[in-house]
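A.B. asks: With the input below, show me the fold.
(2 chains)
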2 protein chains.
Amino acid sequence: MTIKFIAIDWGSTNFRAYRVEEGQNTDVITLPIGITQLKHPNFDQLLSDALSPWHTWIEIFQVPIILAGMIGSDRGWVDSGYQMLPQPISAIKRGCIQIKSSLSTPIYVHSGLAINTLNFTNVMRGEEVQLLGAISLTNDDCYVFPGTHSKWIEPIDGQITSFNTIMTGELYYILMQHSLLGQSVPKAVLPEGFALGLKEGTLAGSDIISKLFIARSARVLHQMPAEMVAGWLSGLLIGHEVATQLTHFKNASSFSIIAAPALAKLYQQAFQLNHIETTAIDPEQGILYGFRSIYDELYS
Amino acid sequence: MTIKFIAIDWGSTNFRAYRVEEGQNTDVITLPIGITQLKHPNFDQLLSDALSPWHTWIEIFQVPIILAGMIGSDRGWVDSGYQMLPQPISAIKRGCIQIKSSLSTPIYVHSGLAINTLNFTNVMRGEEVQLLGAISLTNDDCYVFPGTHSKWIEPIDGQITSFNTIMTGELYYILMQHSLLGQSVPKAVLPEGFALGLKEGTLAGSDIISKLFIARSARVLHQMPAEMVAGWLSGLLIGHEVATQLTHFKNASSFSIIAAPALAKLYQQAFQLNHIETTAIDPEQGILYGFRSIYDELYS
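C.D. replies: Numbers count the residues shown, from 1 in each chain, chains lettered A, B, ... in the order given. Modelled structure (predicted):
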């Protein structure tokens, strides 16, 4: 059978569709139509418009479309729900619901992963596809997905039992955009500021919220130039994330980082400060391998 | 000599002027003209307009005006600088600079307090006046000023050597206003949500940034109703602040809280969870006593 499908990562800020033929990504469409960017969206229409360059191909071959990410959340097209952990890794690729659209081909939305116990809740949506791909690419103890809501996942004996979410990316963004710390400072992350913040964040422990204020006080007292603030704050938060999570995932000795090269590099620097080398996985490759395993589950 | 002066707390969001006669507050003017609320402000004109109901009194008696708060910052009328710690408490009331204005009376702006060492920086502006007042009212080991940027200060042997700033209030505000956590949830702080968040925050330790995400995951998984989120988040952050600062100020056994009654009550709940009773000081009384000691230093 000839493998043809469309894999779409439709998140909070971006829409990214991959045309997959014979297991290869042969074209990409990227649009700034993430679900938080839209008011009263007609997702069916948006999808049809976005994929218009591929319409003929879709119709001739009746190509299935698989969606993942925030599009399947309570704020997206349809709430595809969550698979409740623990789950064997092999089960995660099964969590798809089929939905109807004006396109004539089958459309699937992958569900997220959730922990829902009396003492702890957590949710993930989109990263589970990258996780499927990453696990097929490396055999590390722990998989780290830096981002708006960073995820840390440690599969144990072929099972996903838990994961953690750290709001590093969103916190950095809102502090830079909306707090006193980010007022009148350049937005570029300079390596020197990052390195200093990283040290402070690695040592911050439970003091992290008081340490944040150094981005203000050191600047007012002329110990930190305005152009260093963004880097320092980024380093502080990433350093804190990595140091605290390493204490949680203390049985893990090998780590994969799934992130775009620039961000992966910042996290690798944080790991190095903790004397740990890491494997970097290209997130696009991770997501394509993940979607491929979902496709295989649906069609083989 | 007859004591007459005007004390003004001019902060980020509010302007509050007290008419003081014979040591008593005989009138108050409150306006929403905090320094972050204004674009290209003419502070001289703003002050003159704000005090217009008292103009005759000011001119007849040539009443001095003492200002404190963010009005003396690099973003205010004039940068009144900082007194560098350590300082004896008795020195703090001296930190005033005189400025010129279109009003014919003497105008003073109080300077803040700062720590500026190689390893640590911190700044305070406005709370130092309340501190002067609070110290004259109670004899506790540690003084806590909850707020946008909470301050904890432990005077030792008549000296102020250090203090800490925790961004609890600002973090709560920007999370509720600008992050995924606060989207589509009511803004009222419900006691039940607060109590649950307080417990979580008291135990959070260095996990505080990952705990924040529970405000999202528990809601998505229907474990936390939308109307509980604001209270839960407030409790989480206040619980975390109090628990972490108590480990820093571990030699202190008595605490004063200087805050408006509603906020003071939330902090007292956090202290109680740590088995500590506190003294609540009315911030208006604190600030008036503080301004009074500055006035005495200037005019006696």
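
A.B. asks: so where is chain A shaky, pLDDT-wise?
C.D. replies: Applying pLDDT under 70 to chain A picks out residues A:1.

A.B. asks: how about the helices in it?
C.D. replies: Secondary structure of chain A (DSSP state H): helices located at A:43-50, A:55-61, A:89-92, A:127-137, A:168-178, A:191-204, A:208-211, A:214-220, A:229-248, A:261-273, A:283-299.

A.B. asks: show me what contacts the residue nearest to A:T13 when sequence neighbours are not counted?
C.D. replies: Nearest residue to A:T13, sequence neighbours excluded (CB to CB, 6 or more residues apart in numbering or on different chains): A:G34, at 3.7 Å. (Glycine included, C-beta is placed from N, CA and C.) A:G34 sits next to A:W10, A:G11, A:S12, A:T13, A:N14, A:F15, A:M70 when contact means CB atoms under 8 Å, 6 or more residues apart in numbering or on different chains.

A.B. asks: Go again with 10 Å.
C.D. replies: By CB atoms under 10 Å, 6 or more residues apart in numbering or on different chains, A:G34 lies in contact with A:W10, A:G11, A:S12, A:T13, A:N14, A:F15, A:R16, A:G69, A:M70, A:I71.

A.B. asks: how near is it to chain B?
C.D. replies: Distance, A:G34 to chain B, by CB to the nearest CB, to the nearest Å: 12 Å.

A.B. asks: cool, A:K151 as well?
C.D. replies: Using CB to the nearest CB, which is the criterion applied here, A:K151 is 10 Å from chain B.

A.B. asks: picking up where we left off before, could you redo the helices of chain A as a markdown table and give each row distance to chain B and mean neighbour count?
C.D. replies: Converted to a markdown table, the helices of chain A look like this (distance: least, CB to the nearest CB, whole Å; neighbours: other CB atoms under 10 Å in any protein chain shown):
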| stretch | distance to chain B | mean neighbour count |
| --- | --- | --- |
| helix A:43-50 | 19 | 16 |
| helix A:55-61 | 32 | 13 |
| helix A:89-92 | 18 | 16 |
| helix A:127-137 | 13 | 24 |
| helix A:168-178 | 5 | 20 |
| helix A:191-204 | 8 | 20 |
| helix A:208-211 | 5 | 23 |
| helix A:214-220 | 4 | 23 |
| helix A:229-248 | 5 | 25 |
| helix A:261-273 | 14 | 17 |
| helix A:283-299 | 21 | 20 |
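
A.B. asks: what's the closest of the ones you listed to B:A218?
C.D. replies: helix A:168-178 (16.9 Å; CB to CB).

A.B. asks: Send me that closest one as CSV with only the CA atoms.
C.D. replies: What follows is helix A:168-178 as a C-alpha-only set of coordinates in CSV (Å, rounded to 0.1, in the frame of the first residue of the first chain):
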residue,chain,number,x,y,z
THR,A,168,8.8,28.4,31.8
GLY,A,169,8.0,29.7,28.3
GLU,A,170,4.7,31.4,29.2
LEU,A,171,6.1,32.9,32.4
TYR,A,172,9.0,34.4,30.5
TYR,A,173,6.7,35.8,27.9
ILE,A,174,4.3,37.5,30.3
LEU,A,175,7.1,38.8,32.5
MET,A,176,8.8,40.4,29.5
GLN,A,177,5.5,41.7,28.0
HIS,A,178,3.4,42.7,31.0
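
A.B. asks: could you give the angle of that helix to helix A:229-248?
C.D. replies: 150 degrees (axes from the mean of the first three to the mean of the last three CA atoms, to 10 degrees).

A.B. asks: Mind giving me the ChimeraX select for the contacts of A:G34, buried ones only?
C.D. replies: Command for ChimeraX, covering only those of the contacts of A:G34 found buried under the criterion 16 or more other CB atoms under 10 Å in any protein chain shown:
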select /A:10,11,12,15,16,69,70,71
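
A.B. asks: which one of the contacts of A:G34 is nearest chain B?
C.D. replies: A:S12 (8.0 Å; CB to the nearest CB).

A.B. asks: In this model A:M70 seems to touch that closest one, though I could be wrong.
C.D. replies: Yes - contact criterion CB atoms under 10 Å: A:S12 and A:M70 qualify, at 5.0 Å.

A.B. asks: which residues are common contacts for the two?
C.D. replies: Common neighbours of A:S12 and A:M70, counting by CB under 10 Å, 6+ apart, are A:G34, A:I35, A:T36, A:G76, A:R125, A:G126, B:L180.

A.B. asks: Go ahead and confirm the second one touches A:S73.
C.D. replies: Yes - distance between A:I35 and A:S73: 7.5 Å, which falls inside the contact criterion (CB under 10 Å).

A.B. asks: OK, contacts around A:H222?
C.D. replies: A:H222 touches B:N116, B:T121, counting by CB under 10 Å, 6+ apart.

A.B. asks: could you measure it against B:D74, distance?
C.D. replies: 10 Å (CB to CB, to the nearest Å).

A.B. asks: Residues of the stretch 1-150 of chain A that sit close to chain B?
C.D. replies: A:12, A:36, A:70, A:73-75, A:79, A:82, A:84, A:112, A:114-118, A:120-125, A:148-150 (CB under 10 Å from any CB of the partner chain).

A.B. asks: Show me which of these are buried.
C.D. replies: Taking 16+ other CB under 10 Å as the criterion, what is buried in the residues of the stretch 1-150 of chain A next to chain B is A:12, A:70, A:73, A:75, A:82, A:112, A:114-116, A:121-125, A:148-150.

A.B. asks: What about those, which are in strands?
C.D. replies: Among these, the members found in strands (DSSP state E) are A:Y82, A:G112, A:A114, A:I115, A:N116, A:T121, A:N122, A:V123, A:M124, A:S150.

A.B. asks: For the first one, give the beta-bridge partners.
C.D. replies: In other words, A:Y82. A:G112 (DSSP bridges).

A.B. asks: What about A:P86, how many residues nearby?
C.D. replies: 12 (other CB atoms under 10 Å in any protein chain shown).

A.B. asks: got it, and the one 10 residues further on?
C.D. replies: The burial count assigned to A:C96 is 20, neighbours taken as other CB under 10 Å.

A.B. asks: And for the one 10 residues further on?
C.D. replies: By other CB under 10 Å, 17 other residues sit near A:P106.

A.B. asks: dump the residue contacts of the spatially closest residue to it that is not a sequence neighbour.
C.D. replies: Among residues not flanking A:P106 along the chain, A:P64 sits closest, at 4.6 Å (CB to CB, 6+ apart). The contact partners of A:P64, by CB under 10 Å, 6+ apart, come to A:4-7, A:58, A:98, A:105-108, A:295, A:298-299.

A.B. asks: Try it again at 8 Å.
C.D. replies: By CB under 8 Å, 6+ apart, the neighbours of A:P64 are A:F5, A:I6, A:T105, A:P106, A:I107, A:Y108, A:Y295, A:L298, A:Y299.
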